[in-house]
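*Asks:* Below is the structure, and that's it, no one-letter string:
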């Protein structure tokens, strides 16, 4: 191979990563793990609740655009703070993408989220956008206050409400599923803040988890999740709900008893209780909506059978 050919080949290899770095950076800056997990969870809940294939696609697209906007907003707003904390794993800090481009992507995703949310109806769209707005408020400053848990509670409560309002007849959610979503959000906030606690404190963030400290977070995090289990079990009593509540109670108790000697146990217990809550929520299906939804489904099934 000639020197010219070798030089040309080297140029191709070294420029490709640079050319694609902004795209890779954007993908990483959207917080892909939580974005995919929340989108999959809410889309699955929509299917279990009775949305047809087209409706599930609309739900998934709306939630995905909303989560993308929130993730990108977070990395754009926190760019300077992430640099100060030395978080080289963040795409903006690593130089893969600029903060301005991430901010533009966040605004663009938010604009796309508007019509996709309202495609499921005005009440559903409002419920979803209130949750997305709460998440933006968290990114833009609420995260540094003692009220940092509120956007998480509002955002998580809004997801089952979004699904329920989008069902035939627009029945709306039951009170207990909204309450369970809010409690899940509070538990998720505490668990999500723990890994970055030291770096956040160093850059002046003083949200509720930072005021509690690591020991307080590990102790408190399972409690709202256990409350969510209780609401989900109460809302539609059955054997699965009772077993879930017993299991969640046992995990929470074990975390409290062993936390003094093994600090990681309460956090692990909180994650396990959250998994139980998610499974129980998906099992509820049409039960997340008020009784009007179930009547609509029964009437439609009867009409199809008669036809």
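*Replies:* Received the coordinates, thanks. Source: prediction; values computed, not measured. Numbers count the residues shown, from 1 in each chain.
*Asks:* quick one: the nearest residue to residue 125 once chain neighbours are set aside from residue 165, how far?
*Replies:* In space, residue 125 comes closest to residue 118 once its chain neighbours are excluded; the distance is 3.4 Å by C-beta to C-beta, 6 or more residues apart in numbering. Heads up, the C-betas are built off the backbone N, CA and C, glycines and all. Computed as C-beta to C-beta, to the nearest Å, the residue 118 to residue 165 distance reads 11 Å.
*Asks:* Can you tell me how far residue 76 is from residue 254?
*Replies:* Separation of residue 76 from residue 254 (C-beta to C-beta) stands at 40 Å.
*Asks:* mean confidence for stretch 179-191?
*Replies:* Averaging pLDDT along stretch 179-191 gives 93.
*Asks:* Mind telling me what element residue 217 is part of?
*Replies:* Per DSSP states H and E: residue 217 is located in helix 208-220.
*Asks:* per-residue confidence for the closest residue to residue 236 other than its chain neighbours?
*Replies:* Leaving aside its sequence neighbours, residue 236 sits nearest to residue 287 (C-beta to C-beta, 6+ apart; 4.4 Å). Looking at residue 287, its pLDDT reads 88.
*Asks:* got the contact list for residue 287?
*Replies:* By C-beta atoms under 8 Å, 6 or more residues apart in numbering, the residues touching residue 287 are 174, 177, 235-236.
*Asks:* Look up how far residue 253 lies from it.
*Replies:* Distance, residue 287 to residue 253, by C-beta to C-beta: 28 Å.
*Asks:* now residue 102
*Replies:* 43 Å.
*Asks:* One more: residue 70?
*Replies:* When distance is defined by C-beta to C-beta, residue 70 is 34 Å away from residue 253.
*Asks:* So between those two, which is more surrounded?
*Replies:* Between residue 70 and residue 253, residue 70 has the larger neighbour count (other C-beta atoms under 10 Å), namely 28 against 13.
*Asks:* phi, psi of the residue nearest to residue 125?
*Replies:* Phi and psi for residue 118, reported as degrees, to the nearest 10, are phi -70, psi -10.
*Asks:* let's number from 51 now, not from 1
*Replies:* Sure, I'll start counting at 51 from here, so that last one is residue 168.
*Asks:* Could you check how many residues crowd around it?
*Replies:* Neighbour count of residue 168, defined by other C-beta under 10 Å: 16.
*Asks:* now swap in residue 150 and tell me
*Replies:* Count around residue 150 with other C-beta under 10 Å applied: 11.
*Asks:* Give me the angle between the helix or strand hosting residue 232 and helix 258-270.
*Replies:* Using DSSP H and E, residue 232 maps to helix 225-243. Helix 225-243 and helix 258-270 meet at an angle of 110 degrees, taking axes from the mean of the first three to the mean of the last three C-alpha atoms, to 10 degrees as the criterion.
*Asks:* so how far is residue 208 from the spatially most central residue of the chain?
*Replies:* Nearest to the mean C-alpha position of the chain, by C-alpha atoms, centre = their mean, lies residue 88 at 4.6 Å. Counting by C-beta to C-beta, the gap from residue 88 to residue 208 is 11 Å.
*Asks:* just to revisit the earlier point, which of residue 126 and residue 304 has more residues huddled nearby?
*Replies:* Legend: neighbour count by other C-beta under 10 Å for residue 126 and residue 304, higher for residue 126 (22 against 16).
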